[in-house]
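Engineer: any chance you can model this:
(3 chains)
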Amino acid sequence: MTPRDTSAPPVELAAARETAALPALAVRHLTVAYHESPVLWDVSWTTPAAGLIAIVGPNGAGKSTLIRASLGLVPKVSGQALFFGQPLSAVRARVGYLPQRSSVDWDFPASALDVVCMGRYRLHGWIGPLGRRHREAARAALAEVGMADYADRQIGQLSGGQQQRVFLARALAQDADLYLMDEPFAGVDAATERTIIEVLRILARAGKAVVAVHHDLATAPDYFDHVLILNGRLVGAGPMDSVFTPENLQRAYGGRLALLDQAIEAAARAAAGRRDAQA
Amino acid sequence: MTGLDLETFLRIDLPGGLSAMLACLACGVLGNFLVLRKQSLMGDALSHAVLPGLVAGFLVSGSRSTGPMMLGAIAAALLATVLIQAARRLARLESGAAMGVVFSILFALGLVMLEQSHARDVDLDVDCVLSGQLETILWLAASGWGSLADPAALAELPRQLVALAGMNLAVALFVAIFWRALKLTSFDPDFATALGFRAHRFELVLMLLIAAACVAAFEAVGSILVIAMLICPAATARLLTDRYGVQMALAAGISAATG
Amino acid sequence: MGAHDAAEIPEALGSFLAALSLGLGFNATVVVIGTTLLGLAAGAVGAFMLLRKRALMSDALSHATLPGVALAFLLGVALETDPRALPLLLAGATATSVLGVLAVQGITRASRIREDAAIGIVLSVFFGFGVVLLSYIQALPQGGQAGLKTFILGQTAAMRVPDAELIGAVALCALLVCALLYHPFRLVCFDADYGRVVGLPVTLVDLALMGLIVVVTVIGLKAVGLIMVVALVIVPAAAARFWTERMARFVPLSALFGGVAGWIGAARSASLPRLPAGAVIVLVAGVVFVLSFLFAPARGVLADAWRRLRLRLVTVRDHFLRAAFEQLEAAGTGAAGSFALADIAEDRGWSARHAGWIARWMAARGFAAHLPDGRMHLTPTGREAAQRVTRAHRLWEQLLLVQGAGRIGQAHRSADLVEHVLSPAMVAALEAELAARGATAQPMPPAPERSRQP
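Structural biologist: Numbers count the residues shown, from 1 in each chain, chains lettered A, B, ... in the order given. Here you go, the predicted structure:
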């Protein structure tokens, strides 16, 4: 068994990429705690500049927290997140976001088109009526996810899958280079799942990066090129075929945090033992 | 303590102080369930919404006796609770908005009724409902410690004090009998319904009791301060403990001490 | 109304109508206009507050104005200016209501007390302090005529022209801000997190919204009083919500309702000074609310009930027709044959009484008729309808099976749920969908084999 270096030094990695393309998202020593218990512990991670990237891990592993903390939606205890090598405030126009579906009030008086138009606010400016150009862009985004016929429907009257497509359309309307998506496939029907993954592949081909929290381990290798395995701490990150291995998954899902710590310690002892033997 | 001092104490200080304490106790205990149910403002809503009931009770009976006004207030509280539920379910309003709509309209109705009636010329007025008049609760029949055992003098006890004492008894009985049911329905009404509890009907009973406690406490402290008495002890206790039983005991203790 | 003489009422009515047409003299007209503008602004701001789920925040801060009013009065006395000047009193009200908002936010952030409890605490503590100050003022030599109590219940009759002008001007400014910040407000109300990600200064926008609600509450004090100003904010918005699912219509409609309440309420109490203006304004808004609640076509209760009733009737009708069709099909007697009502009742699980009612209704609608021998048959109209309903049901079933929906029983139940809402256009789409999947849509697809066991 070859010891896999999962915590590849992110600084060097980033430096290596600086010459080619800046990483879409680079997280440095991110620690997040709710009340006193840490949810994310010292996670350092760099995504490629483009491609489809999955975040997987058991419940409570901090997958959504990683996205939300990177976007500054939950306070960080320490660490930072850089988008295209810069803090978020400098590159907001290049970052799109698809929140968890449960986070909004579905009884809100807004049509599907209204919601997608919100994706254009940044490009349009905050004040004054939205111009025709932006409305057209919003309609195009709705059409792209197959929801053109539902533009005037109140969002609460849509099915779960349709609601998710509307939110995907809103993210598309932002015309961003990096999309952060919190469980885009949660609770959607098969047809919507196919639509979403098709849209994601089109984005990837256009050179954009998509980071998505993903629950279904069975489909992860088909849908995504890169993966981050998380369990409070970083378990593994990198190209799908080299990181998405049984041992890594065992480490992430096999036990809770205490067990995981033991496993990491055991692995460290074994590695140290081998080094001694070699010396 | 001289005889005169004792008499003053028994006539003026004791009834007032006791009323305040009893009012705080009843409200503090019931307020727990409001805070635990995240419906703290129900006290606010009910204490305003009973106004038309009070006025109606007064108009029907023509006097300020506790009975009819209490009945009117309880009827108005029932109406308000049902309307708030209806506004939440049928009108799909968020609970704060539902309360705001219902209580403000009922309060306005009560005010107009008050103005249109002759109530104003007698001695029912909004100020009394809003701010309370603790100093008017007197036990004039008291002459010494002996009065405490004298049935004739006891019969002259201020009616507010009697109402409050009865209220406390009712609250204590209610909480003792439905201890676990209250806990369950406060925590997870849907689960309680699934177990076969009539959670909604139970909530209605709780709201009625709160309305009755509010009305009984009005005259001591006024309707706005009733809200404080409902929420503050429970909220303080919530900060001090995570245990349900301890929470109840603490809230009761805090409110009695404040009173 | 018992307090009024018979002769007084027509006169009161006359001046009420005159005030509605703004012909009640200069002073009353200015007051009515000011109150109308106040209603418009409160309605608009209230619409956003309702969606932000902060409706009762206005209750907390309106109660928190009382100590401010009292303190401003005392300051006025100390500085030997006119302690009853409205700008001074409103400045005091603003100061303590802002303090109240900050207290609510501080309590919820710093402790585990939830917002509703925090609102209750702030509301009662501030108000209690205000009452104490008021009773102190009452004892002052200048206090007797202070009239500060009108702030509790409101009184448009006590409003002077400069007061109304001030209120109207501030309300206009609030309306303007609402129009300018419409998009940011909407985004913050709908999905604040998303707003934050796309760079909206959410805290600042929230602060602006809070500022507006403070402004509206404070200028509403004189007219409506601090206890009922919350109604001016919530009730028009809650009423407007019944009429539309579109934000762009909801906010103006809410403002309109608020304006109407302010207008009629102020006019009414201008003609009948004994009526407390605040209560009248709130009751007008309440009437608008109840009418909307009952009769609004979009979300009103009656419209809802009517839609549900119609769906139920359509469902029962379709079930009856399909059951009859399948009975005839099984008997092989052709569409013109007869069937027993009891068989249909058994098939659908209806009680005999229930089935009797349905049969009578179907006969009345001309779909079926009773035969002399006690059995029933379908009329030509009924046959056509039964044919159409059964076909839609079976096409849907077929599509689900082609798509691979588990067992036949599941497909049947699902088709049961959906057939009643299939329009001819959707049936055509179904046919196309089936054709695309290589299954032909027959004139009447056969009933799939239905296994009785799960």
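
Engineer: what about the helices in the stretch 101-250 of chain B?
Structural biologist: Listed in chain order, the helices of the stretch 101-250 of chain B (DSSP state H, counting those that start in this stretch) span B:126-131, B:151-155, B:159-177, B:179-187, B:189-194, B:199-221, B:223-240, B:244-258.

Engineer: right, and the helix or strand after the host helix or strand of C:G46?
Structural biologist: Following DSSP states H and E, one finds C:G46 within helix C:26-51. Counting by DSSP H and E, the element after helix C:26-51 in chain order, helix or strand, is helix C:57-63.

Engineer: how far is the following helix or strand past that following helix from where the chain is centred?
Structural biologist: Downstream of helix C:57-63, the next assigned helix or strand under DSSP H and E is helix C:65-79. Centroid displacement of helix C:65-79 relative to its chain, using CA atoms, centre = their mean, to the nearest Å, is 38 Å.

Engineer: near chain A, which residues of chain B?
Structural biologist: Chain B has residues B:R92 near chain A, with proximity defined as CB under 8 Å from any CB of the partner chain. (C-beta placed from N, C-alpha, C; glycine too.)

Engineer: buried sites along the longest helix along chain C?
Structural biologist: If you go by DSSP state H, chain C has its longest helix at helix C:301-331. Buried residues in helix C:301-331, counted by 16 or more other CB atoms under 10 Å in any protein chain shown: C:301, C:304, C:316-329.

Engineer: ok, and which of those residues reach chain B?
Structural biologist: Among the buried residues of helix C:301-331, the ones lying near chain B by CB under 8 Å from any CB are C:301, C:304.

Engineer: with the buried residues of helix C:301-331 in mind, which one is nearest to B:A163?
Structural biologist: Closest approach to B:A163 among the buried residues of helix C:301-331 (CB to CB): C:V301, at 38.1 Å.

Engineer: B:R89 versus that closest one, what's the distance?
Structural biologist: 10 Å (CB to CB, to the nearest Å).

Engineer: now the strands for the stretch 101-250 of chain A?
Structural biologist: Along the stretch 101-250 of chain A, the stretches classed as strands by DSSP state E, counting those that start in this stretch are A:178-181, A:209-213, A:226-231, A:233-239.

Engineer: dump the third one to PDB, restricted to CA.
Structural biologist: It refers to strand A:226-231. Output in PDB follows, covering the C-alpha atoms of strand A:226-231 (Å, rounded to 0.1, in the frame of the first residue of the first chain):
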ATOM      1  CA  HIS A 226     -12.700  16.000  -9.200                       C
ATOM      2  CA  VAL A 227     -13.700  15.200  -5.600                       C
ATOM      3  CA  LEU A 228     -13.200  16.500  -2.100                       C
ATOM      4  CA  ILE A 229     -13.900  13.900   0.600                       C
ATOM      5  CA  LEU A 230     -14.700  15.500   3.800                       C
ATOM      6  CA  ASN A 231     -15.400  14.400   7.300                       C
END
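
Engineer: and it, which strands flank it?
Structural biologist: strand A:51-56 (parallel), strand A:233-239 (antiparallel) (DSSP bridges).

Engineer: what angle sits between the helix or strand just after the shortest one and strand A:233-239?
Structural biologist: So that's strand A:51-56. Per DSSP H and E, the first helix or strand lying C-terminal to strand A:51-56 is helix A:63-70. On the basis of axes from the mean of the first three to the mean of the last three CA atoms, to 10 degrees, helix A:63-70 is oriented at 80 degrees to strand A:233-239.

Engineer: how far does helix A:63-70 sit from the chain's center?
Structural biologist: Using CA atoms, centre = their mean, the offset of helix A:63-70 from its chain centre is 8 Å.

Engineer: what residues sit buried inside it?
Structural biologist: Going by neighbour count (16+ other CB under 10 Å), the buried part of helix A:63-70 is A:63-70.

Engineer: helices or strands up against it?
Structural biologist: Where contact means 3 or more CB pairs under 8 Å, 6 or more residues apart in numbering or on different chains; DSSP states H and E, helix A:63-70 is packed against strand A:25-34, strand A:37-46, strand A:51-56, strand A:209-213, strand A:226-231.

Engineer: so what sits against both of C:V301 and B:R89?
Structural biologist: Common neighbours of C:V301 and B:R89 are not found (criterion: CB atoms under 8 Å, 6 or more residues apart in numbering or on different chains).

Engineer: from the strands of the stretch 101-250 of chain A, which stretch is densest packed?
Structural biologist: Mean neighbours per residue, mean count of other CB atoms under 10 Å in any protein chain shown, is largest over those for strand A:209-213, with a mean of 26.

Engineer: residues contacting that strand, please?
Structural biologist: Residues outside strand A:209-213 that contact it (CB under 8 Å, 6+ apart) are A:24-25, A:47-55, A:63-64, A:67, A:177-185, A:200, A:203-204, A:224.

Engineer: how about 6 Å then?
Structural biologist: Residues outside strand A:209-213 that contact it (CB atoms under 6 Å, 6 or more residues apart in numbering or on different chains) are A:24, A:50, A:52-55, A:63-64, A:178-184, A:200, A:203.
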